[in-house]
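K.L.:
What follows is a predicted protein model with its sequence.
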Amino acid sequence: MEKNRPGPRAVFRCLLIGALCSLMLMIAAPKLKIIYEMDGQRYRLEQEKVELEKKNRELESRLKEIDSSAAVEKIAREQLGMVKKGEKILIPVKEER
C-alpha cells in the first residue's frame, strides 16, 4: 500500500512559503515597532499640547486682567507707593515698647 506522502514539489512549496513568511516578518517587525513607538510619542505630544493650550488660555486671561486700568492703579498704589493728586499718604508708625 502506498502512503499519502506529499511529493517533493509540495514540500518545496511549503518551505518556500515558510521562508517568504519569515522574510516578511523580519522586514515588518521593526517597522511595526517604530509605528508603535511613534504612536506613543504622538499621544504624549497631544497631552502636552492640551496642557500648553490650557496654560496659554490662563495666561491670556491673566494678561487681560492685569492690563485693565483698575489693576494698573492697584499695582501702582500697593507696590510702587504712588498716590493721586490731592491725596495724602498715611504712613503707619511702629510703636516701640
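P.N.:
Nice, thanks for sending it over.
K.L.:
ok, longest helix in the protein?
P.N.:
helix 8-66 (DSSP state H).
K.L.:
tell me the angle the next helix or strand along the chain from that helix makes with helix 8-66.
P.N.:
Proceeding N to C from helix 8-66, the next assigned helix or strand is helix 69-78, under DSSP states H and E. Angle, helix 69-78 to helix 8-66, by axes from the mean of the first three to the mean of the last three Cα atoms, to 10 degrees: 70 degrees.
K.L.:
got a list of contacts for helix 69-78?
P.N.:
With contact meaning Cβ atoms under 8 Å, 6 or more residues apart in numbering, helix 69-78 is reached by 65-66, 82-83. Placement of C-beta: from N, CA and C, glycine included.
K.L.:
swap the cut-off to 6 Å and go again
P.N.:
Residues from elsewhere that reach helix 69-78 (Cβ atoms under 6 Å, 6 or more residues apart in numbering): M82.
K.L.:
Flag the shaky bits of this protein, pLDDT-wise.
P.N.:
Scanning the chain for pLDDT under 70 picks out 1-3, 97.
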